[in-house]
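Participant: Make a model of this:
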Amino acid sequence: MLKRLFAILLTALLVCGFSAACAQENTGIKHYLLLGEDGYADDIVDDARTDTIVIVSLDETYNRVIMTSVLRDSKITNPKGNATKANLLYKYYGFEGVEACLERELGIEIEGSVLVNFENVKPVIDALGGVDIVIDENEFIAIRKILRGRDPNMPEGPGLVHMTGRIALAYMRDRSSGQGDFSRTERQRKVVSQLFDKCRDLSLMEIVGVYNQISDGLKMNLGAMDILSALKAGYGLVAGGADFVEFHVPQKGTYYYGEVAGSSALDVRWGTNKTRFHELINSPTEE
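Facilitator: Residues are numbered from 1 along each chain as shown. As a prediction, the model looks like this:
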């Protein structure tokens with residue numbers, strides 16, 4: 001009996017020695033949820049689908065900001081216990097419903113959520129001087145199609161392009177080129193990554209000014225002190241030269257194509273994605 005107990009204990013120690021599941025928990029990280037309505041209305045629409053779902057993790061332990069995109073077509077169990085697409089959670093269950101589902105599947109606590117109308121992000125991109133991104137032929141065609149070729153700053157072709165807010169938004173909305181929503185969320189992270197770098201040279205008051213510029217196009221369940229705390233934490237990381245780390249759910253090889261209510265969906269192995277996510281947040285970024 002003692003030998004068996006010792007063998008079990010030894011096995012557990014060995015597993016914990018090599019498993020992220022037994023890694024020391026990162027207590028210096030806070031997670032916030034960013035939801036984006038991908039429409040062309042000027043105001044927030046409460047019953048809209050949130051085609052952009054991003055977990056923004058402010059990690060003071062390892063001095064980094066982790067941006068995790070959850071693909072909109074990911075199949076997830078809703079608060080009533082039924083399968084649905086991730087982009088429908090807010091429409092039917094609000095902030096609390098989205099938070100509860102993602103907290104359950106990824107094993108994290110979300111501090112609060114922000115819903116943004118991306119039409120209101122364009123002036124912020126312009127205020128920060130735009131972004132410079134390399135696009136391919138298909139992305140160039142998609143941008144022209146979305147804007148119907150009617151923009152004085154329209155790219156002349158593929159290659160390195162300086163994007164105004166309107167061009168950048170069309171670039172982020174492109175679903176037709178690349179690997180569908182996987183590529184779309186990657187484009188969003190590229191734009192945000194550049195905006196993140198541009199904010200490094202701003203003062204805290206200037207960052208607050210950027211927030212004030214888009215606050216009318218936001219809806220959130222964060223109180224005033226929570227907002228101030230998040231801005232201060234974000235500024236501390238930006239000013240301290242924090243790394244910008246990208247992640248996405250589902251990870252490669254952790255899903256298959258299925259359907260929900262007759263609509264195409266990604267059948268996600270949430271357990272595997274949770275494990276990989278915790279491996280990331282509980283370990284320093286590799287050089």
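Participant: Just want to check the distance between the residue positioned nearest the centre of the chain and Leu204.
Facilitator: Against the mean C-alpha coordinate of the chain, by CA atoms, centre = their mean, the closest residue is Val54 at 2.3 Å. From Val54 over to Leu204 the distance is 23 Å, taken as CB to CB, to the nearest Å. Where C-beta positions appear, they are placed from N, C-alpha and C, glycine not excepted.
Participant: pLDDT weak spots in this structure?
Facilitator: 1-23, 38-45, 287 (pLDDT under 70).
Participant: now the strands for it?
Facilitator: 29-37, 50-59, 64-70, 75-77, 83-85, 110-117, 131-135, 159-163, 218-220, 243-249, 255-260, 263-268 (DSSP state E).
Participant: Can I get those in TSV including distance to Gln188?
Facilitator: Shown next, in TSV, are the strands of the chain (distance: least, CB to CB, whole Å):
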stretch	distance to Gln188
strand 29-37	8
strand 50-59	6
strand 64-70	7
strand 75-77	20
strand 83-85	18
strand 110-117	12
strand 131-135	11
strand 159-163	13
strand 218-220	17
strand 243-249	10
strand 255-260	19
strand 263-268	17
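Participant: out of those strands, which comes closest to Arg276?
Facilitator: strand 243-249 (8.2 Å; CB to CB).
Participant: all helices for this structure, in order.
Facilitator: Secondary structure of the chain (DSSP state H): helices at 2-18, 89-106, 122-127, 137-147, 165-173, 181-198, 204-214, 224-239, 270-281.
Participant: out of those, deepest packed?
Facilitator: Burial of these is given as mean neighbour count (mean count of other CB atoms under 10 Å); helix 165-173 ranks first at a mean of 23.
Participant: and that helix, what does it pack onto?
Facilitator: helix 122-127, strand 131-135, helix 137-147, helix 181-198 (3 or more CB pairs under 8 Å, 6 or more residues apart in numbering; DSSP states H and E).
Participant: and with 6 Å instead?
Facilitator: In terms of contacts (3 or more CB pairs under 6 Å, 6 or more residues apart in numbering; DSSP states H and E), helix 165-173 is packed against helix 122-127, helix 137-147, helix 181-198.
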